[in-house]
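Colleague: got a predicted model here, sequence first, then my questions.
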Amino acid sequence: AAYKALPDSAGATSYDALVGEACALVLFDLALIGALPGDGVSVQPGTQALPNLRSEAANLCMRPAPGCTSWVMRPGAVELCGPDGRSVVISLLEGGPQPGAVGPCEVTRPYHAIVPGVWLATDDNNPLSDFEAHPDKAGNQLDLGGRPVSQWVGSLARCFERVDRHLPDLAAELRLVGSLLVPVGYDPERHLSASYQEAIGLAYLTLHPNEMTMVEAVVHELQHNKINAAFGFDPMLENAFWPLFSSPVRPDPRPLHGVVLAVHAFLPVAALYRQMARDGDPLASNPSWWARFEQIVAKNRQGMATLRDHARPTPVGAALIDEMQAIEEEFQSISWPPKGKADGWQETSRP
């Protein structure tokens with residue numbers, strides 16, 4: 001069988017290229033698990049470049065040299081037809097090929113396990129990564145920020161460990177929706193992150209030395225992935241994108257769609273802080289930790305007030321906003337400690 005991964009037309013659109021690459025990746029996964037016909041399936045590039053092959057589960061990226069004419073997918077192997085007309089069969093068995101040059105192909109291992117099922121990616125093929133809606137950023141180019149992969153993986157693994165310890169149900173949800181976390185630099189002063197409705201399971205993060213800053217980033221970006229998946233089935237709001245309103249977490253005016261995203265992301269962050277206080281986490285002895293907890297609760301309250309006053313939800317959106325409202329009200333029972341002290345916190349009830 002032969003599959004033309006990309007159209008022959010010189011006017012092929014980027015969408016055509018994406019569909020072609022997606023189909024090639026599906027065939028690659030089938031080759032990895034041995035689920036293809038013995039005579040193989042040929043992937044031909046048409047007028048476009050032959051697509052790279054990537055697999056997070058196999059921690060494998062295979063880049064053909066320019067001019068290669070086809071991939072042939074077989075059970076447990078791929079054959080690459082090189083620009084000189086000769087072909088190379090690359091076995092995928094017993095861990096697959098080692099990094100380096102394999103004939104007219106460059107092999108890398110760009111996926112590094114953070115927790116089971118979630119990887120740090122040092123390779124990114126998201127065509128939207130340069131599109132940026134945040135006023136303080138200029139895209140999301142892959143960048144380790146001069147830090148070793150081990151430092152990134154260690155920091156992110158500790159984020160999951162903390163959520164595991166205090167909110168295990170949330171941790172399970174984050175693992176379910178998250179797949180790839182892409183590094184986009186190191187910044188000791190601020191943290192920036194991003195995700196895309198078109199790329200569920202993917203999040204972009206800077207590395208920051210503060211543990212809670214990283215935990216917040218992981219939780220809120222994967223929360224964005226959860227609600228972005230829901231937005232794919234229902235618009236949630238009849239006035240989602242106009243007019244604009246102030247957002248509790250952004251300096252620029254935002255549509256209500258963005259306000260929903262913000263509150264939905266930070267309600268579980270507030271819940272994590274609350275449970276850390278209840279469990280006596282060592283970080284909860286720091287006055288700055290308490291100041292941040294209070295700030296998050298105040299911003300969530302502000303965001304919910306904006307939604308109550310202005311949102312015109314769909315029936316599905318109304319159910320979501322009602323649930324968010326009920327969760328936000330749970331935090332109204334908190335009696336905050338005096339400024340600069342980490343003791344004196346009380347809850348009049350324990351929802």
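Modeller: Nice, I can see it. Just so we're clear, the structure is a prediction, and the values are computed from it rather than from any experiment. Residues are numbered from 1 along each chain as shown.
Colleague: isn't G96 right up against L60?
Modeller: Yes - between G96 and L60 there is a contact at 5.3 Å, judged by Cβ atoms under 8 Å. C-beta: built from backbone N, CA, C; applies to glycine.
Colleague: residues touching the closest residue to V102 other than its chain neighbours, list them.
Modeller: Nearest-residue entry for V102: I90, 5.5 Å, with adjacent residues in sequence omitted and distances by Cβ to Cβ, 6 or more residues apart in numbering. I90 sits next to M62, A77, V78, E79, L80, G96, P97, V102, G103, C105, V107 when contact means Cβ atoms under 8 Å, 6 or more residues apart in numbering.
Colleague: wait, what's in contact with P209?
Modeller: P209 neighbours (Cβ under 8 Å, 6+ apart): P188.
Colleague: how about it, phi and psi?
Modeller: phi -70, psi -20 (degrees, to the nearest 10).
Colleague: report the beta-bridge partners for the closest residue to S87 other than its chain neighbours.
Modeller: Nearest-residue entry for S87: C81, 4.7 Å, with adjacent residues in sequence omitted and distances by Cβ to Cβ, 6+ apart. Following DSSP bridges, C81 is listed with bridge partners S70, S87.
Colleague: residue contacts, C81?
Modeller: C68, T69, S70, W71, V72, S87.
Colleague: with M214 instead?
Modeller: S155, L156, R158, C159, H191, L205, L207, H208.
Colleague: hang on, the second one packs against A217?
Modeller: What that stands for is L156. No - using Cβ under 8 Å, L156 is not in contact with A217, being 9.3 Å away.
Colleague: what residues do those two have in common as contacts?
Modeller: L205.
Colleague: tell me how many other residues crowd L167.
Modeller: When counting by other Cβ atoms under 10 Å, one arrives at 19 neighbours for L167.
Colleague: next: N52.
Modeller: For N52, using other Cβ under 10 Å, the count is 19.
Colleague: and the closest residue to it other than its chain neighbours, what pLDDT?
Modeller: Closest residue to N52 apart from its sequence neighbours, by Cβ to Cβ, 6+ apart: R63 at 4.8 Å. If you check R63, the pLDDT there is 95.
Colleague: OK, contacts around R63?
Modeller: So R63 contacts N52, C105, E106, V107, T108 (Cβ under 8 Å, 6+ apart).
Colleague: ignoring the adjacent residues along the chain, who's closest to the last one?
Modeller: Counting by Cβ to Cβ, 6+ apart, T108 lies nearest to C61, which is 4.7 Å off, once chain neighbours are set aside.
Colleague: any idea which element that neighbour lies in?
Modeller: strand 60-64 (DSSP states H and E).
Colleague: so how far is that strand from its chain's centroid?
Modeller: Centre-to-centre, strand 60-64 and its host chain are 22 Å apart (Cα atoms, centre = their mean, to the nearest Å).
Colleague: just the C-alpha atoms of it, please, in PDB.
Modeller: Extracted in PDB, the C-alpha atoms of strand 60-64 (Å, rounded to 0.1, in the frame of the first residue of the first chain):
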ATOM      1  CA  LEU A  60      12.300   8.800  19.500                       C
ATOM      2  CA  CYS A  61      12.600  11.500  16.800                       C
ATOM      3  CA  MET A  62      13.800  10.500  13.300                       C
ATOM      4  CA  ARG A  63      14.700  13.300  10.800                       C
ATOM      5  CA  PRO A  64      15.300  12.300   7.200                       C
END
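Colleague: list the strands paired with that strand, with their directions.
Modeller: Strand 60-64 is paired, per DSSP bridges, with strand 53-55 (antiparallel), strand 105-108 (antiparallel).
Colleague: nearest to Q44, of these?
Modeller: Ranking these by distance to Q44, with Cβ to Cβ as the measure, places strand 53-55 first at 14.2 Å.
Colleague: contacts for that closest one?
Modeller: So strand 53-55 is contacted by 24-25, 28-29, 32, 60-62, 71, 78, 110, 123, 125 (Cβ under 8 Å, 6+ apart).
Colleague: try it again with 6 Å
Modeller: The contact list for strand 53-55 (Cβ atoms under 6 Å, 6 or more residues apart in numbering) reads F28, C61, M62.
Colleague: I figured F293 hits Y273, correct?
Modeller: Yes - F293 lies in contact with Y273 (Cβ atoms under 6 Å); the separation is 4.2 Å.
Colleague: circling back to that earlier point, can I get the buried part of the contacts of R63 as one ChimeraX selection?
Modeller: Of the contacts of R63, the buried ones go into a single ChimeraX selection, burial set by 16 or more other Cβ atoms under 10 Å:
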select :52,105,107,108
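Colleague: which among the contacts of R63 gets closest to S150?
Modeller: Distances from S150 to the contacts of R63, taken by Cβ to Cβ, are shortest for T108, at 17.0 Å.
Colleague: count of residues packed around V78?
Modeller: 25.
Colleague: and for S333?
Modeller: S333, neighbours per other Cβ under 10 Å, totals 12.
Colleague: pull the residues that contact the helix or strand hosting L307.
Modeller: Using DSSP H and E, L307 sits within helix 287-310. With contact meaning Cβ under 6 Å, 6+ apart, helix 287-310 is reached by 245, 248-249, 259, 262-263, 266-267, 269-270, 273, 283, 321, 325, 328, 331, 336, 340, 342.
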